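J.: next comes the sequence, and after it the predicted model I'd like to discuss.
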Amino acid sequence: MEKLFASPAKYVQGRGVASQLGDHASSLGESALLLGDETVLGLVEDSVTASLESAGFETRAVTFDGEASQTEIERIVDVAEAEGSDVVVGAGGGKGIDTAKAVADATGAATVSMPTVASTDAPTSSLSVIYSDHGEFEAYRFYDRHPDLVLVDTELIAAAPTRFFVSGIGDALATWYEADAARRDTDGENFFGGRPTRAGTALAELCYETLQDHAASAVEAVERDAVTESVEAVTEANTLLSGLGFENGGIAAAHSIHNGLTQLESTHDASHGEKVNVGTISQLVLEGKPDGQVAETIRFTSELGLPVTLAEIGVDDVEAADLDAVAEAACADDETIHNEPFAVEPAAVRDAILTADALGHKHGAN
Ligand SMILES: NC(=O)c1ccc[n+]([C@@H]2O[C@H](COP(=O)([O-])OP(=O)(O)OC[C@H]3O[C@@H](n4cnc5c(N)ncnc54)[C@H](O)[C@@H]3O)[C@@H](O)[C@H]2O)c1
Ligand SMILES: [Zn+2]
């Protein structure tokens, strides 16, 4: 199988860069649709609109209802078509950005991702995660193109609630464990249907090292809305390194277990990265990683404030039937769990989740 690597055209990160959005986007089009939910538009609509207008764009804002669902995508496609928008700017968290990518794909517009939280690696990827109107995982939707521009203002990232930043660390930390599994599996594929390049795998590993070196200090800074060099490093890890690392390196059990967990209504208040962390620990148990490594991962993530038990993501009384449903969904034919370098069965996944939960209780700090 051939090796494939792909990435967004341009990435800009720094304190106060929101006001430069128009300049960086100026070659992409003339009419911009800014998409963000009410909270996000409250934070960025004025500055982004001013920046786009001073770069010559006609600008219209649309309020996103919060779910990356087909219903919401179609509603916003109608707005974009009526406005003749040739650039869609998705501001906010993963769901808003995923919706912006879907709208841009349907209308042929260019995409700008402007994360206002460093909570996921959605801003750089060429796919959207689509949910039902009720928030259950439905499918990955793949696009031919990556976002044309990704712009991350670290002042906004640091000022946002710390939980988002910590969630992004959970999402990013999975990247190396999953890329490592996909690399070891002789049939392991990345998101482009190819084998991971050395570059893709190396970016996933750099993501891991950056978090080991900077996460604790960065979380302290973000608690105080401060932008430090460690905040810059972790923002880049959560956004760029994690995004390039997962798409190019491939993902495996942790994200499949996350997708399985979305079957349980009780997990819907836990963020993507929080559920992924439970998936990561479960993956390590599934792979039979040494006890010391599993315990160390639990301690490291728990001290940062990430959940390490099912109870911490909302599942209080674990029913056997529920875990069977999670494990079945995690092992669906098209799931990335099959990038693990061994055959995976639902029973093994269920038992790994149960054991990871027990180890989380034993070693976790919360
Ligand atoms: N496409 C991909 O490659 C990819 C990768 C990872 C995750 N995802 C998807 O991303 C989604 C999760 O994203 P998420 O965790 O960012 O959550 P989210 O998008 O559901 O919610 C983000 C929340 O943060 C709020 N917010 C945003 N900026 C803020 C700020 N500066 N201050 C205060 N509040 C702010 C928003 O109002 C919103 O309520 C899931 O749907 C997941 O599947 C996609
Ligand atoms: Zn993720």
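T.: All right, it came through fine. Here the structure is a predicted model, which means the values were calculated and not measured. Ligands and ions are numbered 1, 2, ... in the order given.

J.: so stretch 91-100, near ligand 1 or not?
T.: Yes: on the criterion CB under 6 Å from any ligand atom, stretch 91-100 is in touch with ligand 1 at G92, G93, G94, K95, G96, D98. Any C-beta I mention is one placed from the backbone N, CA and C, and that applies to glycine too.

J.: show residues contacting that stretch.
T.: Contacts of stretch 91-100 with the rest of the structure, by CB atoms under 8 Å, 6 or more residues apart in numbering, involve 34-37, 39-41, 44, 48, 64, 66-68, 72-73, 76, 88-90, 111-117, 119-120, 122-123, 128-131, 164, 272.

J.: if you average pLDDT per helix and strand, which one of this structure comes out bottom?
T.: In the chain, the helix or strand scored least confidently by mean pLDDT, DSSP states H and E is strand 137-142, which has a mean of 90.

J.: near ligand 1, which residues of the stretch 101-250 of the chain show up?
T.: Residues of the stretch 101-250 of the chain lying near ligand 1 (CB under 6 Å from any ligand atom): 116-117, 119-122, 125, 127-129, 156, 160-161, 167, 171.

J.: can you name the two of those that are farthest apart?
T.: Comparing all pairs in these by CB to CB, the longest separation belongs to L127 and P161, at 26.0 Å.

J.: neighbour count: those two, which is higher?
T.: Counting neighbours by other CB atoms under 10 Å for L127 and for P161 shows that L127 has the greater number, 17 against 12.

J.: number of nearby residues for the residue of the stretch 51-200 of the chain found nearest ligand 1?
T.: Minimum separation of the stretch 51-200 of the chain from ligand 1 (CB to the nearest ligand atom) falls at G94, amounting to 2.0 Å. Counted with other CB under 10 Å, residues neighbouring G94 total 27.

J.: ranges for the strands of the chain?
T.: 3-4, 11-14, 31-36, 58-63, 87-92, 110-115, 127-131, 137-142, 149-153, 195-196 (DSSP state E).

J.: least reliable of these going by mean pLDDT?
T.: Sorting the strands of the chain by mean pLDDT places strand 137-142 lowest, at a mean of 90.

J.: so what are the sheet partners of that strand and their directions?
T.: strand 127-131 (antiparallel) (DSSP bridges).

J.: run the angle between the strand it pairs with and strand 87-92 for me.
T.: Counting by axes from the mean of the first three to the mean of the last three CA atoms, to 10 degrees, strand 127-131 lies at 60 degrees to strand 87-92.

J.: got the domain boundaries for the protein?
T.: The chain breaks down by automatic domain parsing into domains covering 3-159, 174-363.

J.: give me the residue from the stretch 201-350 of the chain nearest ligand 1.
T.: H272 (3.9 Å).

J.: list the contacts for that residue?
T.: When contacts are counted by CB under 8 Å, 6+ apart, H272 touches G94, S119, T120, S167, D171, H258.

J.: nearest spatial neighbour of E247, skipping sequence neighbours?
T.: In this structure, E247 finds its nearest non-sequential neighbour in F191, 4.3 Å apart by CB to CB, 6 or more residues apart in numbering.

J.: in terms of secondary structure, what does the longest helix seen in the chain contact?
T.: Using DSSP state H to define each element, the chain has its longest helix at helix 198-223. Contacting helix 198-223 under the criterion 3 or more CB pairs under 8 Å, 6 or more residues apart in numbering; DSSP states H and E are the following elements: helix 154-159, helix 162-184, helix 229-236, helix 242-249, helix 291-304.

J.: who's F137 bridged to?
T.: Y131.

J.: returning to what we had before: hmm, which of the contacts of stretch 91-100 are the buried ones?
T.: 34-37, 40-41, 44, 48, 64, 66-68, 72-73, 76, 88-90, 111-117, 119-120, 122-123, 128-131, 164, 272 (16 or more other CB atoms under 10 Å).

J.: can you pull the contacts of A104?
T.: V87, V88, A110, T111.

J.: need the pLDDT of D317.
T.: Confidence score, pLDDT, at D317: 84.

J.: tell me how far it lies from T111.
T.: 42 Å (CB to CB, to the nearest Å).

J.: and what of A55?
T.: 17 Å.

J.: what's stretch 296-313 in contact with?
T.: Outside stretch 296-313, the residues that touch it by CB under 8 Å, 6+ apart are 162-163, 166-167, 169-170, 173, 212, 215-216, 219, 261, 267, 270, 273-275, 277-278, 280-281, 284, 318, 353, 357, 359-361, 363-366.
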